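Student: Need the 3D shape of this:
(one chain, ligands or ions: 1)
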Amino acid sequence: MSRLRSVVCGGGAYLPERIMTNSDIAGLVETSDEWIVQRTGIRARHIAADGETTSMLAVRAAQAALADAGVSADEIDLIVVATSTPDYTFPATATQVQAELGITHGAAFDLQAVCSGFVFALATADKFLTSGSHRRALVIGAETFSRLLDWSDRTTCVLFGDGAGALVLEAQEISGGGAGDRGVLTTHLRSDGRHRNKLFVDGGPGSTRTVGHLRMEGREVFRHAVGMITDVIEDAFRATGFTAEDIDWFVPHQANKRIIDASAQKLGIAPEKVVITVDQHGNTSAASIPLALAAARADGRIKRGDLVLLEAMGGGFTWGSALVRW
Ligand code: UT7
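Tutor: Predicted coordinates:
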């Protein structure tokens, strides 16, 4: 029996030129390189230039992904952009990306699940592709979180950065459809809005009519993160029969190295299989996973046929996992 699978054909990423180190931030608020590195693992982050918008980062990442996949823009019929920092309240940043790429057919929309956005977007695109309604998707995570930060709040401004990453996925007929075949094998999404006030932006068009600033009870988020992450990964293992030992690469959302290390340890995933970019990118929200994927592809770690485990957790709370045979 043959069935459709969403197969990754290529990926790409883009980071703004300007790099802001911990020492640079120590010039703005009372903090230190030592505190930031010890508590988060972050050493530097990229910051978008004035006038450089989320869609601009997204377009650069999308172009890199298309080139990597050997797919032309007019072969794309679905664009899903995961972002919490859209260029405008509307229209969707995805339509801006679509126009910049010269695509006039298919569908383009944004999806907002904060730091879990990329996993939610990947799962969404997978449903479209495996239903047969669309053929090739650009799944993009793009953020300019620097624009949401209160640069006088040391508990949040040290944590985040800007960037974008993208994957090209194609619906392919897989005969057999076993777990050894390439493609998205399983996705698991969760939300619990009771936690919405632990990590949020204190503005919006429907409430304050302003953009607002990011507010977070960091310790509370940390307290829930490891349990939620490991739960939803156990769901992926249960659905596929794979175990931690079968994983070639663990590519988690990059919020805090301590959360990543604790999650990997609890699951029994060996440290050398964990892809870390939080040291150089900070937390780029929905962009962090595709940025990390691009880094691990570029240096030859992730190869065709590898079993890659993705996970994210963020505002809402939202959290999710995806298991992909590259
Ligand atoms: O991607 C979405 C998900 N978000 C996350 O996963 C973030 C989760 N949370 C975290 O990563 C951590 O909670 C933080 C990195 C935000 C904070 O680390 P922590 O170990 O939980 O520190 P804390 O909040 O308990 O603060 C410890 C101390 C406090 O001082 P007192 O009360 O002990 O005197 C803070 O005021 O560190 C102080 N502090 C700082 N000191 C220097 C907080 N921020 C800073 C700072 N520099 N930037």
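Student: Please count neighbours and contacts with C-alpha atoms only from this point.
Tutor: OK.
Student: how about the residues of the stretch 1-150 of the chain that lie near the ligand?
Tutor: By C-alpha under 6 Å from any ligand atom, the part of the stretch 1-150 of the chain that sits against the ligand consists of 31-32, 35, 39-40, 115.
Student: which of these has the most neighbours?
Tutor: residue 115 (31 neighbours; other C-alpha atoms under 10 Å).
Student: And the pLDDT for the spatially closest residue to that residue that is not a sequence neighbour?
Tutor: Leaving aside its sequence neighbours, residue 115 sits nearest to residue 285 (C-alpha to C-alpha, 6 or more residues apart in numbering; 4.0 Å). According to the model's per-residue confidence, residue 285 sits at a pLDDT of 98.
Student: And residue 178, by the same measure?
Tutor: The score at residue 178 is 71. That number is its pLDDT.
Student: List the contacts of the closest residue to residue 48 other than its chain neighbours.
Tutor: For residue 48, ignoring the flanking residues on the chain, the nearest one in space by C-alpha to C-alpha, 6+ apart is residue 16 at 5.1 Å. Residues near residue 16 by C-alpha atoms under 8 Å, 6 or more residues apart in numbering: 46-49, 57, 162-163.
Student: now with 6 Å?
Tutor: Applying C-alpha atoms under 6 Å, 6 or more residues apart in numbering, one finds that residue 16 lies in contact with 46-48.
Student: Distance of it relative to residue 92?
Tutor: From residue 16 over to residue 92 the distance is 21 Å, taken as C-alpha to C-alpha, to the nearest Å.
Student: what does residue 38 give?
Tutor: Looking at residue 38 against residue 92, where the rule is C-alpha to C-alpha, the gap reads 38 Å.
Student: which non-adjacent residue is nearest residue 154?
Tutor: residue 29 (5.9 Å).
Student: Span of stretch 74-89 from start to end?
Tutor: Length of stretch 74-89, first residue to last, C-alpha to C-alpha: 27 Å.
Student: what sits up against it?
Tutor: Outside stretch 74-89, the residues touching it (C-alpha under 6 Å, 6+ apart) are 53-54, 93-94, 103, 106-112, 114, 117-118, 136-144, 286.
Student: Quick check: end-to-end length of stretch 231-250?
Tutor: In terms of C-alpha to C-alpha, the two terminal residues of stretch 231-250 are separated by 15 Å.
Student: Repeat that for stretch 102-112.
Tutor: Using C-alpha to C-alpha, the distance between the terminal residues of stretch 102-112 is 24 Å.
Student: ok, and what's touching that stretch?
Tutor: Where contact means C-alpha under 6 Å, 6+ apart, the residues beyond stretch 102-112 that reach it are 74, 77-84, 92, 94-95.
Student: From those residues, which land in helices?
Tutor: Secondary structure assignment by DSSP state H places 94-95 of these in helices.
Student: Serialize the contacts of stretch 102-112 to CSV and add fields for pLDDT and neighbour count.
Tutor: Compiled in CSV, the contacts of stretch 102-112 are given as follows (pLDDT from 0 to 100; neighbours: other C-alpha atoms under 10 Å):
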residue, pLDDT, neighbour count
74, 97, 13
77, 98, 19
78, 99, 26
79, 99, 25
80, 99, 28
81, 99, 34
82, 99, 34
83, 98, 33
84, 98, 23
92, 98, 20
94, 99, 28
95, 98, 21
